[in-house]
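Engineer: Sequence plus the predicted model coming up.
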Amino acid sequence: MSVIVSSLEQRIRADNLKESPLSTQEYFVNMGPQHPSTHGVLRMVVKLDGETVREVIPVLGYIHRGIEKMGESFGYRQFVHMTDRIDYLSALINNWAVSMTVEKAAKIELNDRIQIIRTIMAELQRIQSHQLWWGVFGMDMGAFTPFLYGFRDREIITDIFEETIGARLTMNYIQPGGLMFDIHPNFQKRVKDFLKYFKPKLEEYETLLSGNVILQERVRNVGIMDAKTAISIGATGPVLRASGVKHDLRKLDPYGVYDKVDFDVPVGRIGDCWDRYWVRIEEIKQSMRIVEQLIDNIPEGKTMLMKPAVKIKLPEGTYYSQVETPRGVLGVFVVSDGKDKPYRIHLRTPNFNNIWSITEMSSNWRLGDLVAMLSSLDVVVPDIDR
Amino acid sequence: MEIKFKTLVAPEIKRGCLMGNMFNALGSLWKGMKITIYYLTHPSTVVTQQYPENRETLKMMDRFRAQLTMAHDENGHHTCTACGICDQNCPNGSINVVDRKNPITGKKELDRYIWRMDSCTFCNICVQVCPFGTLEMKGNFEASVYDRRLFVYTLNKYAGPDQKNLLKIENLDDRKKQMESRDIFGGPVPLSGQSIAGLEAGVFDQLRKTEEAATNG
């Protein structure tokens, strides 16, 4: 029996199949859905040659809850609390995205107080999301201490949220027409205390992990993705910026009061894991700058402009709005048929696009580097599946 | 498109010579270790709370949302009129407002206010939409129970007219007659007077007491 071998890949493979003490064979290994470094229930089928990764196929659907479909049976106000559960580390920003779509459609003009409080909350949320990512990134690289330090400092922000909002993770605070509550009297003091406390801690982060030689050797020049690939995949957020693309919705399509505050956008140089790490660390600093500028300038005003018990009806048509979450662009697309429930809601979530960059960047790296790459993407799995 | 905003570009980490790299590597490890040793030797920096031990002193934030309660005034009257707005607005059907007709006056009044904690997402919409300020979220976060039927609460303590209508009745005895007592776990779905396997007799009285203590203070 003769085997017809045509392509080069097949020929190499055929050679490998020959009996030899040194021959290797490609094989498939499931990474996940219960792997600690996939941060949830992401399953990746990895094609391995020895320890070298040849191909990665992400398999989705293990935490699919049909949130978009559920949106068709909720009112607009009720749908907001579902968005807490897509990307749970940016619950407030997700709430904002839906609220913004509804406000745009219903033509509601918000006052400065609402806009500024929303911006402060969103930036605090961005800081706490990056803190958690930093801790988990350290843990994936084999250092457990950063995880504890990241959670210790994140606790202060969740306490701030708890005092004003009453919840720590699934907040449902930013609602169509305003905010659920006014800020707590202690809010400004607590935020200022946090900024004062966290600045030296961030330097500590840099010394502990960023300057560490083991981390640098594991992330530098690993998982390089150029700008063209990143754009073609549709990656957004720090993943896209690390590849050197100057794209930030807070600057390009300003919402809230981002056009009135002064902040810089960090971008990477070559798009390796180190750039993605550095971009996020730098974003924490920039977010702190934004909060610092706004925290003393909260004007007086109402915090809710719509009656909460009245059903929201949007005029017939399609509406889209997008925000920059800690992981990228979250777009909310609403098709309304004039009733109090949306005809269709679509969520363009950042992680769904970002995860596919792992297929591009991971080939011919080792399995250990795959963990570093996945961690540097900052994947939140419920956001992929929603 | 012209990019107008300021950007920061990631710094390049340069590799030096072999010996330099080695000393830098050792230096970086030592710097990191210094931080962990600092925290090891300074117990004042510990932020961990010893949870079950500090239950007495642990105070939740005022607005913490962990349990839905119905406010009763000092006479034990609530302000719920069984209008059902919270029922309509609840996104996951956790609230069921059962109304009835008053046997004497024939007016609509609250029979049972059933709240299912097991399907509640604590979104706070019910509290927001209530026109009478009847509902509030309390911070009793220790919600675990032995049987899931204990997640179905009856929030009102009596079936009868609301505060406004009760205060119109001047005779205290007549007022009492209008208020038919309701049990916190006595709703139509759960227990229905049954006992739960594995739990000792009298456990409900105890549960009720802890529940009442939690909701009152």
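Structural biologist: Thanks, I have it. As the structure is a prediction and not an experimental result, all values here were calculated from the model. Numbers count the residues shown, from 1 in each chain, chains lettered A, B, ... in the order given.
Engineer: Now do the same for the spatially most central residue of chain B: its pLDDT.
Structural biologist: Geometric centre of chain B, nearest residue: residue B:66, 1.4 Å, by CA atoms, centre = their mean. Confidence at residue B:66, expressed as pLDDT, is 87.
Engineer: Surely it is in contact with residue B:120?
Structural biologist: No. Counting by CB atoms under 8 Å, residue B:66 does not reach residue B:120; the two are 10.0 Å apart. All C-beta spots, glycine's among them, are computed from the backbone N, C-alpha and C.
Engineer: For chain B, tell me whether the lengthiest helix in chain A is touching it.
Structural biologist: In chain A, taking DSSP state H as the definition, the longest helix is helix A:112-140. No. Between helix A:112-140 and chain B, judged by CB under 8 Å from any CB of the partner chain, nothing touches; the nearest distance is 10.5 Å.
Engineer: what about the next helix or strand after that helix, distance to the chain center?
Structural biologist: Next helix or strand after helix A:112-140 toward the C-terminus (DSSP states H and E): helix A:145-164. Mean-position distance between helix A:145-164 and its chain equals 18 Å (CA atoms, centre = their mean, to the nearest Å).
Engineer: Helix A:145-164 versus helix A:112-140: what angle between them?
Structural biologist: 160 degrees (axes from the mean of the first three to the mean of the last three CA atoms, to 10 degrees).
Engineer: Helix A:145-164 and chain B, are they touching?
Structural biologist: Yes. Contact of helix A:145-164 with chain B (CB under 8 Å from any CB) involves A:145, A:152, A:155, A:159, A:162, A:163, A:164.
Engineer: Name the SS class of residue A:254, please.
Structural biologist: In three-state terms, and counting by DSSP: H, G, I helix; E, B strand; the rest coil, residue A:254 is coil.
Engineer: can you tell me how far it sits from residue A:119?
Structural biologist: Remark: distance between residue A:254 and residue A:119 (CB to CB, to the nearest Å) = 10 Å.
Engineer: Those two: which is more packed in?
Structural biologist: Remark: of residue A:254 and residue A:119, residue A:119 carries more neighbours, 22 against 14, as counted by other CB atoms under 10 Å in any protein chain shown.
Engineer: contacting residues around the more buried one?
Structural biologist: A:256, A:257, A:258, A:261, A:290, A:294 (CB atoms under 8 Å, 6 or more residues apart in numbering or on different chains).
Engineer: Now flag whichever of these is closest to residue A:228.
Structural biologist: Using CB to CB, residue A:258 comes nearest to residue A:228 of the contacts of residue A:119, at 27.6 Å.
Engineer: quick one, longest helix in chain B?
Structural biologist: Chain B, longest helix under DSSP H: helix B:18-41.
Engineer: can you tell me the average pLDDT over that one?
Structural biologist: 86.
Engineer: still on that earlier bit, got the residues of helix A:145-164 next to chain B as CSV, with neighbour count and pLDDT columns?
Structural biologist: Output for the residues of helix A:145-164 next to chain B, formatted as CSV (neighbours: other CB atoms under 10 Å in any protein chain shown; pLDDT from 0 to 100):
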residue, neighbour count, pLDDT
A:145, 17, 85
A:152, 17, 89
A:155, 16, 89
A:159, 14, 90
A:162, 22, 90
A:163, 18, 90
A:164, 25, 89
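Engineer: Low-confidence bits of the chain, can you list those?
Structural biologist: Going with chain A. A:1-24, A:36-38 (pLDDT under 70).
Engineer: ah, I was thinking of chain B
Structural biologist: Checking chain B against pLDDT under 70 turns up B:1-4, B:186-209, B:211-212, B:214-217.
Engineer: now the strands for the stretch 201-350 of chain A?
Structural biologist: With DSSP state E, counting those that start in this stretch as the criterion, the stretch 201-350 of chain A has strands at A:265-267, A:317-325, A:328-336, A:344-348.
Engineer: Partner strands of the second one, with direction?
Structural biologist: By that I understand strand A:317-325. Strand pairing for strand A:317-325, using DSSP bridges, gives strand A:328-336 (antiparallel).
Engineer: Measure how the partner strand sits relative to strand A:344-348, angle-wise.
Structural biologist: 170 degrees.
Engineer: So residue A:156 sits against residue A:195, correct?
Structural biologist: No. The pair residue A:156 and residue A:195 does not pass the contact test of CB under 8 Å, sitting 10.2 Å apart.
Engineer: What residues does chain B have near chain A?
Structural biologist: Counting by CB under 8 Å from any CB, chain B sits next to chain A at B:3-13, B:24-25, B:28-29, B:31-32, B:35-36, B:47, B:61-65, B:85, B:89, B:91, B:121-125, B:128-129, B:131, B:137.
Engineer: Emit the ChimeraX select command for whichever of these are buried.
Structural biologist: Those of these that count as buried under 16 or more other CB atoms under 10 Å in any protein chain shown are selected in ChimeraX with:
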select /B:8,10,28,32,35,61,63,64,65,85,89,91,121,122,123,124,125,128,129,137
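Engineer: Run a quick neighbour tally on the closest residue to residue A:284 other than its chain neighbours.
Structural biologist: Of all residues not flanking residue A:284 in the chain, residue A:130 sits nearest, at 5.0 Å (CB to CB, 6 or more residues apart in numbering or on different chains). Around residue A:130 there are 25 other residues, counting by other CB under 10 Å.
Engineer: mind checking how far the residue nearest the centre of chain A is from residue A:75?
Structural biologist: Geometric centre of chain A, nearest residue: residue A:327, 2.4 Å, by CA atoms, centre = their mean. Computed as CB to CB, the residue A:327 to residue A:75 distance reads 27 Å.
Engineer: repeat for residue A:249
Structural biologist: 27 Å.
Engineer: do residue B:138 as well
Structural biologist: Taking CB to CB as the measure, residue B:138 falls 26 Å from residue A:75.
Engineer: For the nearest residue to residue A:377 once chain neighbours are set aside, which residues are in contact?
Structural biologist: The shortest distance from residue A:377 to any non-neighbouring residue, by CB to CB, 6+ apart, is to residue A:354 (5.4 Å). Residue A:354 makes contact with A:233, A:235, A:236, A:237, A:239, A:327, A:328, A:377, A:378, A:379 under the criterion CB under 8 Å, 6+ apart.
Engineer: Now do the second one: how many residues are near it, please.
Structural biologist: Okay, so that is residue A:235. 31.
Engineer: Quick one: residues contacting it.
Structural biologist: A:225, A:243, A:328, A:353, A:354, A:356, A:357.
Engineer: so which of those comes closest to chain B?
Structural biologist: Nearest to chain B among the contacts of residue A:235 is residue A:243, at 10.8 Å by CB to the nearest CB.
Engineer: Now for the closest one: which residues touch it?
Structural biologist: Here residue A:243 is in contact with A:225, A:226, A:227, A:229, A:230, A:235, A:268, A:270, A:271, A:275 (CB under 8 Å, 6+ apart).
Engineer: Could you do residue A:341 as well?
Structural biologist: Per CB under 8 Å, 6+ apart, neighbours of residue A:341: A:72, A:73, A:74, A:75, A:76.
Engineer: what's the distance between the first one and chain B?
Structural biologist: If you measure residue A:72 against chain B using CB to the nearest CB, to the nearest Å, the figure is 13 Å.
Engineer: Pull the contacting residues for that residue.
Structural biologist: Contacts of residue A:72 by CB under 8 Å, 6+ apart are A:341, A:342, A:343, A:344, A:345.
Engineer: do the same with the second one
Structural biologist: The neighbourhood of residue A:73, defined by CB under 8 Å, 6+ apart, consists of residue A:341.
Engineer: Likewise for the third one?
Structural biologist: Residues in contact with residue A:74 (CB under 8 Å, 6+ apart) are A:82, A:341, B:91.
Engineer: For stretch A:195-212, give me every contacting residue.
Structural biologist: With CB under 8 Å, 6+ apart, stretch A:195-212 has contacts from A:127, A:134, A:137-138, A:143, A:145-146, A:149, A:153, A:156, A:215, A:277-278, A:281, A:284-285, A:288, A:291-292, A:295, B:28-29, B:31-32, B:35-36.
Engineer: Weed out the non-buried ones from these.
Structural biologist: Buried among the contacts of stretch A:195-212 by 16+ other CB under 10 Å: A:127, A:134, A:137-138, A:143, A:145-146, A:149, A:153, A:156, A:215, A:277-278, A:281, A:284, A:288, A:291-292, A:295, B:28, B:32, B:35.
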